[in-house]
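> Show me how the following folds:
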Amino acid sequence: MATEQTRLNGIERKKIFTGICLALLPTAFSFILVSNILNQLKTEFILTNADVGYIGGAALWGMSISLLTIGPLLEKIGLKNATKGAFIGHLSGVTLFLVAYFFAGDPSAFWILFAGAIGMGFGNGMIEVAGNPLTAALYPDNKTTKLNHFHGFYMGGLVLGGLLGWGMAQIGDIGSIYVGHWTAQMALVYVPILVYGWLLFPRKFPQTETAAAGIPIKEMFRYTFTNAGVLGLILLMMFTLAMEMGPMRWIPDVLQAAGLHGVLVLVWISGLMFLLRMFAGPFVEKFSPTGMLLGASFLTCIGLFMFSYVETEVLPLMIAGAFFAIGIAFFVPNMIGLMSERFPKAGSLGIVLLIGMGFVGGGGSNAIMGEIADSYLPDALNEQQTVSILQQVEDRFPEYVERAENAAGNREILAQLGYREADVSNVFEQAQAALAYFKENGEFDGTTTGNALRALIDSGIPQEQQLIQQASSVLRPADNYGGRMAFRWVAPIAFLAGIVFIVWFIRDQRRGGYKIERLEKREHQEISETL
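This next block holds a predicted model:
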């Protein structure tokens, strides 16, 4: 019995599962650490805000590439080869990032950093492509619980990576070494990469469930794209992940406006999600995935409504964060578990589409909530202070533009200036547009004015730190208010998702409870293990 629990047809199940869980740590580390070091990269490589934005976004592009191009081919590639692809992406991505250090001052440095971010994103996506079907194949009788554990490692990685990055920055120098430097922080990512490679690659991997059952790839594709339940679940995932990704853009701003440090925000929400996922087993057994998703939807709705009404009181905001974290903690792993247990014939394709389209919904919710928040921004802006800030930009920034233009191509002078022409031109143009709208209409346009103030804050011009501080003090409470109004508009969507899961849960109960669908191995089908 003990051997049976640790091995599945000669496969070392526990070691493989531990390895694939640890493979999520580079994803979490790269996400949080790249966010931490963007300002250092901007200063050291004299990058524009747009350059920094492209580097930060490249990781998501790399993830999308692997999900959409490699994911559908997983049955052909095999789980072990997909994991090797993740390792290569992670290792090459971090290495390229560090190699860029030697090209500071060369225009090629941006492209090396960009390629490194793409590589890390590709690795992150390949772990999602391989990890979810691998977990389902390793634990066919306990998929949802183990998927909660698997995704729990990502949240744990965010907490660990965030605390390590913050701690290194606080420590500063150790002898002649500055441990807070971006190269030291990025080098941390090597540790989990090498550990999961050491754990996984000597092992024999299982096949995906559909491959083991002998289901042809064409049949899997036909089933996935014609089954109403599969398509409906993918649509639901777009809404549930939107409830996670959209609000998470604004929650740190709301909590920080109440005086909480950004790292504490991360630890509080991500730490709760980590614990909930790691101890999800009894809840899955008692309530089933549909019951947990039902509860998650209503808890998310409650948390968002609480955020929308509480402005700065720390304790109520922490409670709202707890409701929200408890809700969204169970969305992704239980949705994947539901797809794998109720529609196993969709195989890895169904899981990849579920995750990929979920990210589409999440990205869309970011944009929608941003539009809603900006529409409320003028209601909370101090008119006199905002006009004064914009006028100062209009008066003083043409000189900065001229200096940057004259210094173009001269790295030493640009380093002394501390800014580039593209950034100061953007600040000047955005301020002009915001002032022109105000003068013509007698009121602010939320999007234009918000963009102008954010461009000024992001510019980080050393000579205008006082003005930047003024802009931040004006924008922060306005962003807080706009974000809270966006929560109020979005919360009902979580409630509607809950109604869908209520119907599903009741239907399951009427049919004798939640049932896991199993694939039967087809006879006379040649099957070979993925080695």
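> Provide a list of residues in contact with the nearest residue to Arg411 once chain neighbours are set aside.
In this structure, Arg411 finds its nearest non-sequential neighbour in Gly105, 4.7 Å apart by CB to CB, 6 or more residues apart in numbering. For the C-beta atoms, the positions are set from N, CA and C on the backbone; glycine is no exception. Residues near Gly105 by CB atoms under 8 Å, 6 or more residues apart in numbering: Phe45, Ile46, Arg411.
> Distance check, Gly105 against Thr43.
13 Å (CB to CB, to the nearest Å).
> Over to Arg510?
Taking CB to CB, one finds Arg510 at 62 Å from Thr43.
> Between the two, which is the more surrounded one?
Thr43 (14 against 8; other CB atoms under 10 Å).
> Tell me the spacing between that one and Glu429.
Distance from Thr43 to Glu429, by CB to CB: 23 Å.
> likewise Ile217?
Distance from Ile217 to Glu429, by CB to CB: 52 Å.
> same question, Gly347
As for Gly347, its distance to Glu429 is 50 Å (criterion: CB to CB).
> These two: who's more crowded?
Shown here are Gly347 and Glu429; by other CB under 10 Å, Gly347 has more neighbours (28 against 16).
> remind me, longest helix of the protein?
helix 465-510 (DSSP state H).
> buried ones in stretch 489-497?
Buried residues in stretch 489-497, defined by neighbour count with 16 or more other CB atoms under 10 Å: Trp489, Val490, Ala491, Ile493, Ala494, Ala497.
> out of those residues, who's nearest Ile171?
Closest to Ile171 out of the buried residues of stretch 489-497 is Val490 (39.2 Å), distances taken as CB to CB.
> which non-adjacent residue is nearest Ile217?
That would be Glu75: by CB to CB, 6+ apart, it lies 5.2 Å from Ile217.
> List the contacts of that neighbour.
Thr208, Thr210, Ala211, Ile217, Met220, Gly347, Ser348, Leu349.
> Which positions within the helix or strand it falls within qualify as buried?
In this assignment (DSSP states H and E), Glu75 forms part of helix 74-77. Judged by neighbour count (16+ other CB under 10 Å), helix 74-77 contains these buried residues: Leu74, Glu75, Ile77.
> All the helices of the stretch 251-400 of the chain, in order from the start?
Ranges of helices in the stretch 251-400 of the chain, per DSSP state H, counting those that start in this stretch, are 262-278, 281-309, 314-329, 331-342, 347-380, 383-406.
> got the contact list for the residue lying closest to Ile112 once chain neighbours are set aside?
Sequence neighbours aside, Ala100 is the residue nearest to Ile112 in space, at 4.1 Å (criterion: CB to CB, 6+ apart). Taking CB under 8 Å, 6+ apart, we find Ala100 in contact with Phe45, Ala109, Ile112, Leu113, Gly116.
> for Ile55, same thing?
Val34, Leu38, Leu41, Leu47, Phe110, Leu113, Phe114, Ala117 are the contacts of Ile55 under CB under 8 Å, 6+ apart.
> Ser176: which of the buried residues of helix 74-77 is nearest?
Ranked by distance to Ser176 (CB to CB), the buried residues of helix 74-77 are led by Ile77 at 46.4 Å.
> ok, so what distance separates that closest one from Met339?
In terms of CB to CB, Ile77 sits 20 Å off from Met339.
> swap in Trp61?
Counting by CB to CB, the gap from Trp61 to Met339 is 25 Å.
> where does this structure have its least confident helix or strand?
Across the helices and strands of the chain, mean pLDDT, DSSP states H and E gives its lowest value to helix 2-6, namely a mean of 42.
> Just the ones in helices from the contacts of Gly105, please.
Arg411.
> Same list (the contacts of Gly105) but as a markdown table, adding neighbour count.
Listed next are these as a markdown table, based on neighbours: other CB atoms under 10 Å:
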| residue | neighbour count |
| --- | --- |
| Phe45 | 23 |
| Ile46 | 19 |
| Arg411 | 13 |
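> On the three-state scheme, Glu517 is what?
Secondary structure, DSSP: H, G, I helix; E, B strand; the rest coil: Glu517 is coil.
> Distance check, it against Gly93.
For Glu517, the distance to Gly93 - CB to CB - is 38 Å.
> and what of Ala436?
43 Å.
> okay, the two: which has more neighbours?
Ranked by neighbour count (other CB under 10 Å), Ala436 and Gly93 place Gly93 first, with 28 against 14.
> My guess is that one contacts Ser30. True?
Yes - in this structure Gly93 lies within contact range of Ser30 using CB atoms under 8 Å: 7.4 Å.
> Could you tell me which residues touch both of the two?
Met120.
> Any buried residues in stretch 442-449, and which?
For stretch 442-449, a neighbour-count test (16+ other CB under 10 Å) marks Phe444, Asp445, Gly446, Thr447, Thr448, Thr449 as buried.
> Now do the SS call for the first one.
Of the three states, Phe444 takes coil according to three-state DSSP.
> Which residue, other than its chain neighbours, is closest to it?
Pro378 (4.1 Å).
> quick one, what contacts the one you found?
Pro378 is in contact with Glu443, Phe444, Asp445, Gly446, Thr449, Ala478, counting by CB under 8 Å, 6+ apart.
> JSON lines for the residues you listed, including pLDDT?
Converted to JSON lines, the contacts of Pro378 look like this (pLDDT from 0 to 100):
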{"residue": "Glu443", "pLDDT": "92"}
{"residue": "Phe444", "pLDDT": "93"}
{"residue": "Asp445", "pLDDT": "93"}
{"residue": "Gly446", "pLDDT": "91"}
{"residue": "Thr449", "pLDDT": "94"}
{"residue": "Ala478", "pLDDT": "88"}
